[in-house]
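A.B. asks: Give the three-dimensional model of this entry:
(one chain, ligands or ions: 1)
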Amino acid sequence: MSSTTKTPPPQVDVSKAVGFKAPPQKVLYNSRDLMLYAISIGVKQDELKFLYENEQDFAAFPTYPLVLMLKGDNHGVAVYGGGAGDVPGIPAFDPNKLVHGDQSLEVHRLLPLGGEFELHTTVTGVYDKGKGMVIERTTKMVDPKDPSRPYSSMKGSAFVRGAGGWGGPKGPKQNAYEPPKDKAPDAIHEDKTNDDLAILYRLSGDYNPLHIDPRIAPKVGFKKPILHGLCTYGHAAHAILKTFGSSDPNAFKSITGRFTAPVYPGDTLVTKMWSVPAESKDQQKIIFQVAAKESGQIVINGGCAILAASNKAPQSKL
Ligand SMILES: CCCCCCC[C@@H](O)CC(=O)SCCNC(=O)CCNC(=O)[C@H](O)C(C)(C)COP(=O)(O)OP(=O)(O)OC[C@H]1O[C@@H](n2cnc3c(N)ncnc32)[C@H](O)[C@@H]1OP(=O)(O)O
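C.D. replies: Numbers count the residues shown, from 1 in each chain. This is a model prediction of the structure:
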């Protein structure tokens, strides 16, 4: 006879978890990794600089460092935000219940075309959201020979569904960027994704089975494997840089956004962009949202990117 028992809330010790510094994580990549990433975030042959190593201005797409946090082939398997019990004070949990929550990236220096680097990561927040637990990490990508000048800073959160209710802090409210009221987007970029996109994107290094294994996704409430959040995020970053930054990697300064609903491979990603006054005259500030056309759901909300100012008109102004 079967009986249903409610899973007890996890025993979380915030004081042990927050401030925990993970051991430096060695990461490496080469130009092939950069090209694979670029093609899987929707870059096409009209921007060969991200796809062809013989182009004079061949460059890394600026959001590439985000991939490194989850690049599995450095470890055999990637560590999904603490699921393996690698963070003191957070008991191991089912990694399939984890989804990517929020993400931001700040670019400090142009990325080299390859090499060996280190990620220095600190757990900066653990929150009880009732329906789930949020684990926030802040990571710097550095050259170990020159760690005082990081290439980028990244803050990301993992949302562990069903792991809330342990009486912990709720955390700060999201600093959500809202599109200006009553103003149509300045540009809209549509990307029809391929049904097999998650299978391609995972080769960048995030081998999470949630994105490929049809036996796992339904067990955790998805009708089929979902797309990697960072793949959708890359599509948005690409739409923004292409439209407002003339595809110049030097123009990309920062990006932030929250994953609000799952994307299924094959969905059409619709990135709406609003150019709003920036804090400095050297910058452009772009508020953005991404929706999946098929479900009609907003899949990235509260988005904002900062680019260097440009005197060129947006490429696909409506
Ligand atoms: C460094 C990080 C590394 C992470 C590793 C990632 C590995 C990858 O392989 C995994 C992935 O790529 S998964 C794919 C991308 N992510 C998704 O698809 C998630 C989509 N979002 C959802 O499903 C829901 O918003 C959901 C489920 C997230 C929340 O929905 P609900 O349960 O309905 O919650 P809601 O009622 O809307 O809000 C409750 C409280 O939670 C906060 N919150 C909501 N969405 C959040 C999110 N996305 N991130 C962080 N916090 C979030 C709300 O603010 C609310 O809290 P409060 O009351 O304090 O405001």
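A.B. asks: For burial, what's the neighbour tally of Glu55?
C.D. replies: Glu55 has 12 neighbouring residues, counting by other C-beta atoms under 10 Å. (Glycine included, C-beta is placed from N, CA and C.)
A.B. asks: Next, it: secondary structure please.
C.D. replies: Under DSSP: H, G, I helix; E, B strand; the rest coil, Glu55 falls in the coil class.
A.B. asks: contacting residues for it?
C.D. replies: 48-49 (C-beta atoms under 8 Å, 6 or more residues apart in numbering).
A.B. asks: pLDDT wise, what is it at?
C.D. replies: With respect to pLDDT, Glu55 scores 98.
A.B. asks: do the same with Asn175
C.D. replies: For Asn175, pLDDT reads 75.
A.B. asks: One more: Gly83?
C.D. replies: At Gly83, the pLDDT value in this model is 63.
A.B. asks: three-state assignment of Asn250?
C.D. replies: At Asn250, secondary structure determined by three-state DSSP is helix.
A.B. asks: which parts of the stretch 101-250 of the chain sit against the ligand?
C.D. replies: 101-102, 129, 131-132, 134, 137, 156-159, 161, 170-171, 173-174, 206, 208, 226, 228-229 (C-beta under 6 Å from any ligand atom).
A.B. asks: what about 8 Å?
C.D. replies: By the rule C-beta under 8 Å from any ligand atom, the part of the stretch 101-250 of the chain lying against the ligand is 101-103, 127, 129-132, 134-137, 139, 154-159, 161, 170-171, 173-174, 206, 208, 210-211, 226-232.
A.B. asks: Just the buried ones among those, please.
C.D. replies: Buried subset of those (neighbour count, 16 or more other C-beta atoms under 10 Å): 101-103, 127, 129, 132, 134-137, 139, 154-159, 161, 206, 208, 210-211, 226-232.
A.B. asks: Just the ones in strands from the residues you listed, please.
C.D. replies: Among these, DSSP state E puts 101-103, 127, 132, 134-137, 139, 154-159, 161 in strands.
A.B. asks: All the helices of the stretch 151-300 of the chain, residue numbers only.
C.D. replies: Applying DSSP state H, counting those that start in this stretch to the stretch 151-300 of the chain gives helices spanning 197-201, 229-244.
A.B. asks: State the mean pLDDT of the first one.
C.D. replies: The pLDDT scores in helix 197-201 average 98.
A.B. asks: Could you list the residues in contact with that helix?
C.D. replies: By C-beta under 8 Å, 6+ apart, the surrounding residues in contact with helix 197-201 are 36, 39-41, 194, 211-212, 225-228, 231, 265-266.
A.B. asks: Buried deepest among the helices of the stretch 151-300 of the chain, which one?
C.D. replies: Mean neighbour count (mean count of other C-beta atoms under 10 Å) peaks for helix 229-244 among the helices of the stretch 151-300 of the chain, with a mean of 25.
A.B. asks: and that one, C-alpha only, in PDB?
C.D. replies: What follows is helix 229-244, C-alpha atoms only, in PDB (Å, rounded to 0.1, in the frame of the first residue of the first chain):
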ATOM      1  CA  GLY A 229      18.700  29.400 -18.900                       C
ATOM      2  CA  LEU A 230      22.100  30.700 -20.000                       C
ATOM      3  CA  CYS A 231      21.300  29.700 -23.600                       C
ATOM      4  CA  THR A 232      18.200  31.900 -23.500                       C
ATOM      5  CA  TYR A 233      20.200  34.600 -21.700                       C
ATOM      6  CA  GLY A 234      22.900  34.400 -24.400                       C
ATOM      7  CA  HIS A 235      20.200  34.900 -27.100                       C
ATOM      8  CA  ALA A 236      19.000  38.100 -25.300                       C
ATOM      9  CA  ALA A 237      22.600  39.400 -24.900                       C
ATOM     10  CA  HIS A 238      23.200  38.700 -28.600                       C
ATOM     11  CA  ALA A 239      20.000  40.500 -29.600                       C
ATOM     12  CA  ILE A 240      21.000  43.500 -27.600                       C
ATOM     13  CA  LEU A 241      24.700  43.700 -28.700                       C
ATOM     14  CA  LYS A 242      23.700  43.300 -32.400                       C
ATOM     15  CA  THR A 243      20.900  45.800 -32.300                       C
ATOM     16  CA  PHE A 244      22.400  48.600 -30.200                       C
END
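A.B. asks: Looking at it now, give me its mean pLDDT.
C.D. replies: Mean per-residue pLDDT for helix 229-244: 98.
A.B. asks: repeat for stretch 68-76
C.D. replies: Stretch 68-76 comes out at a mean pLDDT of 66.
A.B. asks: Residue ranges of each domain in this structure, please.
C.D. replies: Per automatic domain parsing, the domain ranges recorded for the chain read 14-161, 187-308.
A.B. asks: Of these, which shows the lowest average pLDDT?
C.D. replies: domain 14-161 (a mean of 91).
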